[in-house]
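Asks: Take this sequence and fold it.
(one chain, ligands or ions: 3)
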Amino acid sequence: MISAYTGTQIRAAEQPFLAAGMGDVLMQRASHGLANAVVRELQARSRRLYGASVAVLAGKGNNGGDGLFAASFLAARGMRTTAILTAGTAHAEALAAFERAGGRVHLLADSNASQLAAHVAGADVVIDAILGTGARGGLRGAAAGLVRGLSRGRLASGMPGIVVACDIPSGVDADTGEAHAPVLSADLTVTFAAAKVGLLADPGADHAGRIHVVPIGIEDELPWPAIRRFEPVDLARLLPQPGRRSHKYSRGVLGVVAGSADYPGAAVLACRGALAAGAGMVRYLGPPEVADLVRQSCPEVVCSTGSVAETHVQAWLVGSGMGPGDTEQLRRARDAVESGLPVIADAGALPALPAVLAPQVILTPHAGELAVLLQRLASSPDSPDFDPAPDRTAVESSTLGAARHAAVLTEATVLLKGATTLVASPFQDFYSQADGTAWLATAGSGDVLAGIIGALLAQLGSDVGRFRDAGIDPDERWAAIAALGASLHGLAGAAASGGGPLTAGRISDAVPDVWYKVSLLSKPAGRKRNSHTHPLP
Ligand SMILES: NC(=O)C1=CN([C@@H]2O[C@H](COP(=O)(O)OP(=O)(O)OC[C@H]3O[C@@H](n4cnc5c(N)ncnc54)[C@H](OP(=O)(O)O)[C@@H]3O)[C@@H](O)[C@H]2O)[C@@H](O)CC1
Ligand SMILES: Nc1ncnc2c1ncn2[C@@H]1O[C@H](COP(=O)(O)OP(=O)(O)O)[C@@H](O)[C@H]1O
Ligand SMILES: [K+]
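Replies: Residues are numbered from 1 along each chain as shown. Ligands and ions are numbered 1, 2, ... in the order given. This next block holds a predicted model:
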C-alpha cells in the first residue's frame, strides 16, 4: 500500500526534528536521496555520469536547498552543474556547497530568461527545485516564463534531457493535486519522507512521472494517510478465494440492472466483467430483448424480467447503459438502493437516485457525470448552501476536491473515473489507483469496471474481518472495494492491451489471469506443491 500525505501533514511530522535542530540532517538525507536517484536514472538509460550536464532550477526555500545540495553531490561525481536561481536568493549553505563543488550560478531575470531556457533545455538532467511543500499558488514572473518556455520545448520534443522534480513538480499543490500552470512535467519525482497527495491526484499526477520516495527519518511521526493506493500485493491479500466447501450462493450473487434498447451491449459488458471477477452467480433483470442478448453472450447469467424485491442477491449493479426514458429499469435501480444492500450505481442511474444515499452505495461517475451530479445537488431545494457547482473542466482541475465534495453531499462512496481513478468515502477516506493504460479510454470500459466492482461487492461486502485484518476500518470497506475493483480493471486493461489498442470485452477476458498472477504474490516462495498431493500421471 502506498500512503500519501498533505504538505501540512509532512511539515507537522518534521516539526519535532526541526525543533531538535535536525533540519540540516533532514536536508542532507533528502538531497543525497535526490542525487542518488539522478545517478540511477542516468545509469538506467545507459548514459555516462562523468561529464553529464545537470541544470538545477532553484527557488529560495528549502526545496531549492535540496536541489542545490543534490547538484553539489553530482558535481563531486564529475557532472557539469549549473544552477538557475529563480528568486534572486537561495538557501545559503546549499548555495555555498554548490559553489564549492564547482557549480556555476546564474540569476534568472526577464532579460536572460530565453538564453537560460536554451541552456537548460540542452542539459542531460534538469532538476526542478523551485517550489516544494511551502508553495502558495503557482510560479510567477521570470520563473513562470522559464518553465513555460521549457514546457513548450518539451512538447515539441526539443528537450532530450531527463526532468526530475524535487519533492513535487513546482506549481502542483501538494495537498490537492491542483496544478497552477505552467508546470514542468517530470519523468521522475523524488519525494521526501512519503508521497504527497498532489502526486496521486490529477492533474498533479499528470506532471509527476514515476514517483520515488526517499525516507528521511521522520516517517514514524506521520499520521493516518490522507490518501492510499493499493499495490498488487494488497490485492493478493484482499481479493477473495473460494473455500473448499464454497458454493455459488456462498461465493456471492450479483444482481445486474443495466442495458436498454439503445445500449444493450452495456448489460453484456457489465455481466462479463462480473463473471470474470468471480461472482458466484449473476442474475440479470431487464427488458426481454436485452436479456436475450445477455443470454447469447453469457449463458452463465440467469435472466428474468422480475422485480428487485423478488431477486435474492448480495449486491446490485445498476445504471450502465440506461437512459432517462428507461422508467422500469430506473425504478429497479431505486429499489436496489432502497434495499440497503451494497450497490454500484453507474451512468444512467446517477441522475435518477435520491440526493442523499449511504456509504454502501458506490457512485462511479467520470468527470462529466460528476459535474452534472454536483450541479443537480447544488440546485436541490434541500441543499441551499452548496458552493457553486463545477463544470467538467473544473472537476478535471480539482479531481480530489470534486470527489470529496460529492461524497460529503451524497453520503455515498464516490469513485471518479479517469487516468487516475479516485475513490472518496463519505467518512473522508481516500484511495487513488493508476494501474491502467490510456488504451482503457474505450467505449464500454466503464461497464466492465462496474461489473468487476459489483462482483467484488457481492463477494466481499459482508466480509468485515478481511478488511479489519488488513488495517482498513470495516465502515470504510466500500471505498476499499471500489479501489480494489479499479486496480483490477486497470491491471487487466494493461495486460490485455500489451501496449496496443483495446476493446472493452478484452478487459474482462484478462481479469482471471491477472487475478491468478496477483494471488501468487501472497504465497510463500518455494512451496509450490502440497507434499500430500501426488502429481497426476
Ligand atoms: N523542512 C524540512 O526540514 C525539510 C524540507 N525539505 C524540503 O523543503 C521543502 C519545503 O521548503 P520550504 O518550506 O522552504 O518551502 P519551498 O517549497 O521551498 O518554497 C517556499 C519558498 O518559496 C516562496 N514561495 C512560495 N510560493 C511561491 C510562489 N508561488 N512563487 C514564488 N515563490 C514562492 C516562499 O517565499 P515567500 O513568498 O513566503 O517570501 C518560500 O521562501 C520541501 O518541499 C522539501 O523539498 C526537505 O529538505 C526535508 C527537510
Ligand atoms: N487515459 C486513461 N488512462 C487510464 N484509464 C483510463 C483513461 N481514460 C479512461 N480510463 C478508464 O477507462 C474507464 C472508462 O470508463 P467510462 O468513461 O465510463 O467509459 P464508458 O462509458 O465508455 O464505459 C474508466 O475505468 C477509466 O478510469
Ligand atoms: K519542486
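Asks: from here on, contacts and neighbour counts on C-alpha atoms
Replies: Will do.
Asks: My read is that Ala193 contacts Ile218, right?
Replies: Yes: using C-alpha atoms under 8 Å, Ala193 is in contact with Ile218, at 6.5 Å.
Asks: Which residues of the chain lie near ligand 2?
Replies: For the chain, the contact set with ligand 2 under C-alpha under 6 Å from any ligand atom comprises 366, 417-419, 421, 436-438, 440-447, 449.
Asks: Buried subset of those as a ChimeraX selection?
Replies: Buried members of these, defined by 16 or more other C-alpha atoms under 10 Å, are picked up in ChimeraX with:
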select :366,417,418,419,421,436,437,438,440,441,444,445,446,447,449
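Asks: Among the residues of the chain next to ligand 2, which lie within helices?
Replies: Among the residues of the chain next to ligand 2, DSSP state H puts Ser445, Gly446, Asp447, Leu449 in helices.
Asks: ok, the closest residue to the third one other than its chain neighbours to Trp316 distance?
Replies: Just to be clear, that refers to Asp447. Nearest non-adjacent residue to Asp447, counting by C-alpha to C-alpha, 6 or more residues apart in numbering: Ala270, 4.9 Å away. Separation of Ala270 from Trp316 (C-alpha to C-alpha, to the nearest Å): 11 Å.
Asks: Can you check which residues contact both of the two?
Replies: Val256 (C-alpha atoms under 8 Å, 6 or more residues apart in numbering).
Asks: Does Leu370 lie in a helix or a strand, and which?
Replies: Using DSSP states H and E, Leu370 maps to helix 367-378.
Asks: helices or strands up against that helix?
Replies: Contacts defined by 3 or more C-alpha pairs under 8 Å, 6 or more residues apart in numbering; DSSP states H and E place helix 367-378 against helix 392-397, helix 399-410.
Asks: so of these, which one's packed in deepest?
Replies: Greatest average neighbour count among these goes to helix 399-410 (a mean of 23), per mean count of other C-alpha atoms under 10 Å.
Asks: I'd like to check the angle between it and helix 367-378, please.
Replies: 40 degrees (axes from the mean of the first three to the mean of the last three C-alpha atoms, to 10 degrees).
Asks: can you start the count at 37 instead of 1 from here on
Replies: Got it, first residue is 37 now, which makes that one helix 435-446.
Asks: In PDB, list the C-alpha atoms belonging to helix 435-446.
Replies: Taking Å, rounded to 0.1, in the frame of the first residue of the first chain, the C-alpha atoms of helix 435-446 are listed here in PDB:
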ATOM      1  CA  THR A 435     -10.400  15.800  -9.100                       C
ATOM      2  CA  LEU A 436      -9.800  15.100  -5.400                       C
ATOM      3  CA  GLY A 437     -11.800  18.200  -4.300                       C
ATOM      4  CA  ALA A 438     -14.700  17.300  -6.500                       C
ATOM      5  CA  ALA A 439     -14.800  13.600  -5.500                       C
ATOM      6  CA  ARG A 440     -14.600  14.600  -1.800                       C
ATOM      7  CA  HIS A 441     -17.400  17.200  -2.200                       C
ATOM      8  CA  ALA A 442     -19.700  14.600  -3.900                       C
ATOM      9  CA  ALA A 443     -19.000  12.000  -1.200                       C
ATOM     10  CA  VAL A 444     -19.800  14.600   1.500                       C
ATOM     11  CA  LEU A 445     -23.000  15.800  -0.200                       C
ATOM     12  CA  THR A 446     -24.400  12.400  -1.200                       C
END
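Asks: who's in contact with it?
Replies: 212-213, 237-239, 391-394, 403, 406, 409-410, 413, 431, 449-452, 458-464.
Asks: From those residues, keep the buried residues only.
Replies: Buried among these (16+ other C-alpha under 10 Å): 212-213, 237-239, 391, 393-394, 403, 406, 409-410, 413, 431, 449-452, 458-464.
Asks: So which of these are in strands?
Replies: Assigned to strands by DSSP state E, the following of the buried ones among the contacts of helix 435-446 qualify: Thr449, Val450, Leu451, Leu452, Leu458, Val459, Ala460.
Asks: ok, the second one touching Leu399?
Replies: Yes: between Val450 and Leu399 there is a contact at 4.9 Å, judged by C-alpha under 8 Å.
Asks: For ligand 1, what is the nearest residue in the stretch 187-336 of the chain?
Replies: Distance from ligand 1 to each residue of the stretch 187-336 of the chain (C-alpha to the nearest ligand atom) is smallest for Asp203, at 5.0 Å.
Asks: Quick check: that residue touching Ala229?
Replies: No: judged on C-alpha under 8 Å, Asp203 makes no contact with Ala229 at a distance of 9.4 Å.
Asks: Between the two, which is the more surrounded one?
Replies: Neighbour count, other C-alpha atoms under 10 Å: between Asp203 and Ala229, Asp203 has more, with 32 against 24.
Asks: who touches the nearest residue to that one once chain neighbours are set aside in this structure?
Replies: The spatial neighbour of Asp203 that comes closest, neighbours along the chain excluded (C-alpha to C-alpha, 6+ apart), is Thr227 at 3.8 Å. Residues in contact with Thr227 (C-alpha under 8 Å, 6+ apart) are Cys202, Asp203, Ile204, Ile247, His248, Val249, Val250.
Asks: Including pLDDT and secondary structure, could these go into CSV?
Replies: Below are the contacts of Thr227 laid out as CSV (pLDDT from 0 to 100; DSSP: H, G, I helix; E, B strand; the rest coil):
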residue, pLDDT, secondary structure
Cys202, 98, strand
Asp203, 98, coil
Ile204, 98, coil
Ile247, 98, strand
His248, 98, strand
Val249, 98, strand
Val250, 98, strand
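Asks: Among these, which pair sits farthest apart?
Replies: The most widely separated members of the contacts of Thr227 are Ile204 and Val250, with 12.5 Å between them, by C-alpha to C-alpha.
Asks: So the two - more neighbours on which side?
Replies: Ile204 (32 against 21).
Asks: how about that one, what does it touch?
Replies: By C-alpha under 8 Å, 6+ apart, the residues touching Ile204 are Leu167, Gly168, Thr169, Ala210, Thr225, Val226, Thr227, Lys232, Gly234, Leu235, Ala244.
Asks: what about the residue nearest to the second one when sequence neighbours are not counted, helix or strand, and which?
Replies: What it means is Gly168. Excluding its sequence neighbours, the residue lying closest to Gly168 (C-alpha to C-alpha, 6+ apart) is Asn99, at 5.3 Å. If you go by DSSP H and E, Asn99 is part of helix 98-112.
Asks: residues in contact with that helix?
Replies: 63-64, 66-68, 70-71, 75, 90, 92-95, 117, 119, 126-127, 129-131, 133-135, 137-139, 163-169, 202-203.
Asks: Can you check what angle separates the following helix or strand past it from helix 98-112?
Replies: Downstream of helix 98-112, the first helix or strand assigned by DSSP H and E is strand 116-121. Strand 116-121 and helix 98-112 are oriented at 160 degrees to each other (the same axes, to 10 degrees).
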